[in-house]
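In: need a 3D model of the following:
(chains A and B)
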Protein chains: 2
Amino acid sequence: MTRPHVSRRGLFGAGLAAAGAGVGAVAGVAGATAATGVDPFTAAANGDESIDLSQSHPFYATAARSPQGGVRTAPQRYCVFMTFDVSSSLATDLQVLLARWSASIAQLQAGKTVGSVEPAHGDGVGADTGEALDLGPASLTVTVGLGPGIFDERFGLASRKPAHLAAIPTLPSDNLDESLTGGDLSLQACADDPQVAYHAVRDLARMARGTATVRWTVLGFGRASAGPHQSTPRNLMGFKDGTRNITTDADYDRFVWVDDAGEGAGWMTGGTYQVARKIRMNIEIWDADVVSDQQRVFGRTKIEGAPLSGGSEHTTPDFAATASDGTEKIDPRSHIALAAHEANDGVKILRRPYNYTDGLNQYGQLDAGLLFTAYMNDPEHFTRLQRKLGASDRLNEYVSHIGSAVFAVPPAPRKGSYIGEQLFR
Amino acid sequence: MTRPHVSRRGLFGAGLAAAGAGVGAVAGVAGATAATGVDPFTAAANGDESIDLSQSHPFYATAARSPQGGVRTAPQRYCVFMTFDVSSSLATDLQVLLARWSASIAQLQAGKTVGSVEPAHGDGVGADTGEALDLGPASLTVTVGLGPGIFDERFGLASRKPAHLAAIPTLPSDNLDESLTGGDLSLQACADDPQVAYHAVRDLARMARGTATVRWTVLGFGRASAGPHQSTPRNLMGFKDGTRNITTDADYDRFVWVDDAGEGAGWMTGGTYQVARKIRMNIEIWDADVVSDQQRVFGRTKIEGAPLSGGSEHTTPDFAATASDGTEKIDPRSHIALAAHEANDGVKILRRPYNYTDGLNQYGQLDAGLLFTAYMNDPEHFTRLQRKLGASDRLNEYVSHIGSAVFAVPPAPRKGSYIGEQLFR
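Out: Model prediction:
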């Protein structure tokens, strides 16, 4: 037998360097590493962070115009998003479903089951599937959305349609998969425990049987965009995502909450609109790109997230700043330049995205991306932004919008009522 | 316009009851609910639980015969499992990969990056993709396994093959998908933050380029089987999983850690074997089953997890106990009766499973199940158990084994060495 061997010292030094193709190359690489030194590694910063799984969010309205949870709620770590097509054409079926969902979500957000796990003597089907027993509320919120299809002729609700609710039009560089597009209803379940989020959607989907069928789903992870006291999370491209997100009451009132949804749509006052996009990232191509180019694509540095015009993460980008050669420090086709509210008549949208992975694609490459969920008081704000980004954004080389949907998100119901109840009055 | 309406009182009462098909039915259901009362709901028990993301596990051996992390480590909440085929036939490539993986895992488990995120001036490709910056170590462990293929003729290592390492044979009721089977190498990355686990596997997979290609992957969630001070987690069938798992030093020594792997395989002393199975659950069919039958399938009650012979969760099952009609209280074909060590010459295996979901299948049904990962000092122990379970287990009606692989897991390396280093001496 031939026993291959390489000196321990050589291999060991090569630990973090590029792999060589043979004994000689290995030794060479090890030497190079020893000579140049290894890059300083970054240690974890948030060492004192812990997640409290006993935390719960109220479901019912606590004041006039209370929004549903999962919009302004501090982003939880995990999300299951699912859309449904309503198969019944009876408005009462829709009413019953929204009422059952509402009562059940109130239970789930309190860390309880949606009904019996063990019916008396076990002689019945459990109303709750049981896998989240003992896990705690884990900050669960479930947000219910109503798609444009709810207001077609089926349910007699056409006159109650919010003025701004319409299917997202075809946008530049769309690459939509029909099976990941649209839906009459949406559920966004976010929690700090994935099993709690999954359990919620699973039990709510069971309740929909006979009334609605599942259309598409995405399982997201990672914190979503930052709140005022949370460090900014990173997407799977390794960049901070959400530095310039909406945080103030004034901006929520101006850009997120619906004040007047038009004639017949008073039921939406205090609500918002949800836009969901499944954005696939070509992460293996991205990973092979030099970091200077990645930074040019975003318009920010990678580790700090500072705008390329200078300063630190929260410094306002100076889109007019030029380098000594006269070119803009922040590329006009960078993601932040095109998406900035300064370049879009001051318009902002609340982004609440999660990372996702679908394992491997048919080429054996990592299949992953971003579940981009955003909230705004007019879906046209998203459409306008994405029309520009889809046409010019340098990021388009690395991403593909494969799923899309829009929903009206009614405000939270008062105790004794259910989501969307006013719609049926 | 026809405005449908149902009385608020009626709908509201129907919140958690079965959906009726029309106004009359709704009112009827609501009445029935009011009359019988709603089942008492179970409140969350572990309200004081929190997850500390600053916790880290050492990578290098801390004593003689230290095992790798991720075997006896208290199960973390999230797992990414991935297998690889080695495409190079040079033993030195394999050595370099194992050395680079080892040095990188040591960094990752300490909450650090595997190299530079921003190379000097950005003029280079980042060694680390960056998305886990600031997230903390989150109790990450990465466990490396060597498949039977490592000991074929390619690398000159045939004489070093552990005596018990061989591909899992075809077993009763196997329904294996070739693309979810086997592999020359495995990585099991477990952490309390999914982004930390995903980042680890992603960066380690990048390092393998040119040496190994990804074969299959499963993303798991939920706590794995219980340790001595941890409440028993539940699988997606809603049942506790791991009540009779291995917990004592004596059982670890007897059933998990390898003492003598045979001639030429001294490098495995203190290691273990990993068996991975991807088990799809027909959860929509399961959810429609009455709970009494579900309990018969498992041999335990659903909420408490007590054996059907009586007592509480940790009461030893009495497989001989009979009911007044003479039948066994625990069905002899139940999962716990067939898997019990009492029925298998005393053999136990360490189970460390995670739940998984792949979204929806082609029928629009929930596609989910169990990533069953188990550790033992002889893979034949698993084979023997599964031969029996695959032939007779009542659970087979609801599950399908679609993926399978086995790996030798060397002990942890000493500082200055790397996983499997002794194999190349």
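In: check the offset of the helix or strand hosting A:L97 from the chain's centre.
Out: For A:L97, the host element (DSSP states H and E) is helix A:91-109. Here the centre of helix A:91-109 is set off from its chain's centre by 24 Å, with C-alpha atoms, centre = their mean, to the nearest Å.
In: quick one: low-confidence ranges for chain A?
Out: In the predicted model, chain A carries pLDDT under 70 at residues A:1-49, A:223-230.
In: where do the helices sit along it?
Out: A:8-13, A:23-36, A:91-109, A:194-208, A:249-251, A:283-287, A:291-298, A:335-339, A:379-392 (DSSP state H).
In: tell me how far the closest residue to A:Y273 other than its chain neighbours lies from B:E153.
Out: If the residues on either side of it in the chain are set aside, A:Y273 comes closest to A:P379, at 4.9 Å by C-beta to C-beta, 6 or more residues apart in numbering or on different chains. In this view, the C-beta of every residue, glycine as well, is placed from N, C-alpha and C. A:P379 sits 62 Å away from B:E153 when distances are taken as C-beta to C-beta, to the nearest Å.
In: of the two, who's got more company?
Out: Comparing A:P379 with B:E153 by other C-beta atoms under 10 Å in any protein chain shown, the one with more neighbours is A:P379, at 24 against 9.
In: just give me the neighbour total for the closest residue to A:S50 other than its chain neighbours.
Out: Excluding its sequence neighbours, the residue lying closest to A:S50 (C-beta to C-beta, 6+ apart) is B:D52, at 4.6 Å. By other C-beta under 10 Å, 14 other residues sit near B:D52.
In: just to check, B:D52 is in contact with B:A74?
Out: No: using C-beta atoms under 8 Å, B:D52 makes no contact with B:A74, being 11.7 Å away.
In: residue contacts, the most centrally placed residue in chain A?
Out: Of all residues in chain A, the one closest to the mean position by C-alpha atoms, centre = their mean is A:P353, 2.3 Å from it. Applying C-beta atoms under 8 Å, 6 or more residues apart in numbering or on different chains, we find A:P353 in contact with A:220, A:224-225, A:235, A:241-242, A:370-374.
In: can you add distance to B:T141 and neighbour count and give these back as a markdown table?
Out: Converted to a markdown table, the contacts of A:P353 look like this (distance: C-beta to C-beta, whole Å; neighbours: other C-beta atoms under 10 Å in any protein chain shown):
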| residue | distance to B:T141 | neighbour count |
| --- | --- | --- |
| A:G220 | 24 | 27 |
| A:A224 | 26 | 28 |
| A:S225 | 30 | 24 |
| A:N235 | 25 | 25 |
| A:D241 | 27 | 25 |
| A:G242 | 30 | 23 |
| A:L370 | 27 | 24 |
| A:L371 | 27 | 25 |
| A:F372 | 32 | 25 |
| A:T373 | 32 | 29 |
| A:A374 | 36 | 24 |
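In: closest to A:W257 among these?
Out: Relative to A:W257, the closest of the contacts of A:P353 is A:A374; by C-beta to C-beta it sits at 14.1 Å.
In: isn't that closest one up against A:Q386?
Out: No: A:A374 is beyond contact range of A:Q386, at 9.9 Å (criterion: C-beta under 8 Å).
In: distance of A:S104 relative to chain B?
Out: For A:S104, the distance to chain B (C-beta to the nearest C-beta, to the nearest Å) stands at 6 Å.
In: relative to A:S417, how far out is that residue?
Out: Taken as C-beta to C-beta, the span from A:S104 to A:S417 is 15 Å.
In: more neighbours: which of those two?
Out: A:S104 (24 against 17).
In: not counting its neighbours along the chain, what's nearest that one?
Out: Leaving out its chain neighbours, the residue that sits closest to A:S104 by C-beta to C-beta, 6+ apart is A:V114, at 4.1 Å.
In: state the number of residues packed around the one you found.
Out: For A:V114, the count of nearby residues is 28 (other C-beta under 10 Å).
In: quick one: contacts for it?
Out: Counted by C-beta under 8 Å, 6+ apart, A:V114 has contacts A:104, A:107-108, A:127-128, A:203-204, A:207, B:16, B:41.
In: for A:F239, same thing?
Out: A:F239 neighbours (C-beta under 8 Å, 6+ apart): A:294, A:298, A:300, A:302, A:305, B:130.
In: let's have these in a markdown table, adding distance to A:S324 and neighbour count.
Out: Listed next are the contacts of A:F239 as a markdown table, based on distance: C-beta to C-beta, whole Å; neighbours: other C-beta under 10 Å:
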| residue | distance to A:S324 | neighbour count |
| --- | --- | --- |
| A:Q294 | 23 | 25 |
| A:F298 | 22 | 26 |
| A:R300 | 21 | 24 |
| A:K302 | 23 | 23 |
| A:G305 | 24 | 21 |
| B:G130 | 29 | 27 |
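In: if we can go back for a sec, and the residue nearest to the residue nearest to the centre of chain A when sequence neighbours are not counted, how close does it get to chain B?
Out: Spatial nearest neighbour of A:P353, excluding adjacent residues (C-beta to C-beta, 6+ apart): A:F372 at 4.7 Å. Per C-beta to the nearest C-beta, A:F372 is found 16 Å from chain B.
In: swap in A:A323?
Out: In this view, A:A323 and chain B are 14 Å apart by C-beta to the nearest C-beta.
In: look at that residue and say how many residues are nearby.
Out: When neighbours are counted by other C-beta under 10 Å, A:A323 registers 10.
In: doesn't A:K329 make contact with it?
Out: Yes: counting by C-beta under 8 Å, A:K329 is a contact partner of A:A323 at 5.5 Å.
In: still on that earlier bit, which one of the contacts of A:P353 is nearest to chain B?
Out: Nearest to chain B among the contacts of A:P353 is A:N235, at 6.8 Å by C-beta to the nearest C-beta.
In: check contacts around the closest one.
Out: Contact analysis of A:N235 by C-beta under 8 Å, 6+ apart lists A:222, A:241, A:281, A:353, A:355, A:370, B:131.
In: among those residues, which ones are in strands?
Out: Counting by DSSP state E, the contacts of A:N235 place A:281, A:355, A:370 in strands.
In: out of these, who's near chain B?
Out: Filtering the ones in strands among the contacts of A:N235 for neighbours of chain B using C-beta under 8 Å from any C-beta of the partner chain leaves A:N355.
In: name the nearest residue to A:T357, sequence neighbours excluded.
Out: Spatially, and ignoring its direct neighbours in sequence, A:T357 is nearest to A:A368 (4.0 Å; C-beta to C-beta, 6+ apart).
In: ok, now which ones touch that neighbour?
Out: A:236, A:280-281, A:283, A:355-358, B:198.
In: got TSV for the residues you listed, with neighbour count and distance to B:T315 too?
Out: Converted to TSV, the contacts of A:A368 look like this (neighbours: other C-beta atoms under 10 Å in any protein chain shown; distance: C-beta to C-beta, whole Å):
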residue	neighbour count	distance to B:T315
A:L236	26	46
A:R280	21	50
A:M281	23	50
A:I283	24	49
A:N355	25	43
A:Y356	24	42
A:T357	22	41
A:D358	16	42
B:Y198	25	39
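In: which two from the residues you listed end up farthest apart in space?
Out: With C-beta to C-beta as the measure, no two of the contacts of A:A368 lie farther apart than A:R280 and B:Y198, at 15.5 Å.
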